[in-house]
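Engineer: Based on what follows, work out the 3D shape:
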Amino acid sequence: MADSIEKGDLDALQGELGDLLFQVVFYAQLATEEGRFGFKEVVQSINQKLIRRHPHVFADVEVEDARSQTRLWEQLKQAERKSDSSSDDHQPSALDGVLEALPALTRAAKVQRRAAHVGFDWPDHSGVLDKVEEEFAELRVEIEQQQPAAEQVEEEMGDLLFSMVNLCRHLQLDGEGVLRRATTKFERRFRTMEMLLAEQGTHLEQLDQDAMEAAWQQVKQRESV
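Structural biologist: All right, here's what the predicted structure looks like:
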């Protein structure tokens, strides 16, 4: 790894790892002073978790491939969640532990993966494509109502976005990354369009819809050359 990382990056990584270690030691010391646990228990805890979650490494369990290993990992975590919730009235779920504070696209994909690990999933992306088309059609119906209900439009839009994230997952794409790159591409083209118009002595606000579209297509054509 060191051969592929510049020295400055390694120095920065060293500093960040030091900051991280400080936090671990700091909170472990606070827990020690309260008589709860210490740094030794923290290390023991992660050792036990690694052994428990990797029986194909530390025991005699065999897995066929990476996908089987991921499925086993989720099964083991699900068993842990059931064990953690056995002392209260909470009905354990495959979706337990998915943080609500995650970015919306990331959380949607994580929820979908959890559901898929217990078999609730489309067999391939064709079913997801059909679902995307279905959700889009339902959204169109709601929007084109004579008096569209805002809450219903919002719900259908949410269903469509959720289905699009699911399609990304089936195509092994990261929804966050896909959207970020699409936004970056739009920003690049928009700024180029502004620059070209400025060179012509005009601005977007002075153009009608057809002229704006023509300028946009000009930028796209320049990129494709």
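Engineer: How far off centre is the host helix or strand of R189?
Structural biologist: Assigned by DSSP states H and E, R189 belongs to helix 175-199. Here helix 175-199 is found 22 Å from its chain centre; the criterion is C-alpha atoms, centre = their mean, to the nearest Å.
Engineer: same check, this time on stretch 42-60
Structural biologist: Mean-position distance between stretch 42-60 and its chain equals 26 Å (C-alpha atoms, centre = their mean).
Engineer: what is the mean pLDDT for that stretch?
Structural biologist: Per-residue pLDDT over stretch 42-60 has a mean of 86.
Engineer: Alpha carbons only: can I get that stretch in CSV?
Structural biologist: Written as CSV, here are the backbone C-alpha positions of stretch 42-60 (Å, rounded to 0.1, in the frame of the first residue of the first chain):
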residue,chain,number,x,y,z
VAL,A,42,-12.4,-2.9,24.0
VAL,A,43,-9.7,-4.9,22.3
GLN,A,44,-11.2,-8.2,23.5
SER,A,45,-14.6,-7.1,22.2
ILE,A,46,-13.4,-6.5,18.7
ASN,A,47,-11.3,-9.7,18.7
GLN,A,48,-14.4,-11.7,19.7
LYS,A,49,-16.5,-10.0,17.0
LEU,A,50,-14.0,-10.7,14.3
ILE,A,51,-13.8,-14.4,15.2
ARG,A,52,-17.6,-14.6,15.6
ARG,A,53,-18.4,-13.0,12.2
HIS,A,54,-15.6,-14.8,10.3
PRO,A,55,-16.2,-18.5,10.9
HIS,A,56,-14.8,-19.2,7.4
VAL,A,57,-11.5,-17.8,8.6
PHE,A,58,-11.3,-18.8,12.3
ALA,A,59,-13.5,-22.0,12.2
ASP,A,60,-14.3,-24.8,9.8
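Engineer: residues making contact with the helix holding R189?
Structural biologist: Applying C-beta atoms under 8 Å, 6 or more residues apart in numbering, the contact partners of helix 175-199 are 103, 105-106, 108-109, 164-165, 168-169, 203-204, 207, 215-216, 218-220, 222-223. Glycine gets a C-beta too; all of them are placed from N, C-alpha and C.
Engineer: Where in the chain is the helix or strand with the lowest mean pLDDT?
Structural biologist: Sorting the helices and strands of the chain by mean pLDDT, DSSP states H and E puts helix 66-85 at the bottom, at a mean of 70.
Engineer: If you count contacts, what does it end up packed against?
Structural biologist: Helices and strands touching helix 66-85, by 3 or more C-beta pairs under 8 Å, 6 or more residues apart in numbering; DSSP states H and E, are helix 39-53, helix 55-58, helix 104-117.
Engineer: which residue of the protein sits farthest from its center?
Structural biologist: Within the chain, the residue lying farthest from the chain centre (C-alpha atoms, centre = their mean) is G201, at 42.8 Å.
Engineer: Quick one: work out the angle between the least confident helix or strand of the chain and helix 39-53.
Structural biologist: Between helix 66-85 and helix 39-53, the angle comes out at 130 degrees (axes from the mean of the first three to the mean of the last three C-alpha atoms, to 10 degrees).
Engineer: okay, the angle between helix 66-85 and helix 104-117?
Structural biologist: Going by the same axes, to 10 degrees, helix 66-85 makes 100 degrees with helix 104-117.
Engineer: Show me which helix runs longest in the protein.
Structural biologist: helix 7-33 (DSSP state H).
Engineer: okay, now E194: neighbour count?
Structural biologist: Each residue near E194 was counted by other C-beta atoms under 10 Å, and the total is 14.
Engineer: And it, what's its pLDDT?
Structural biologist: At E194, pLDDT is 95.
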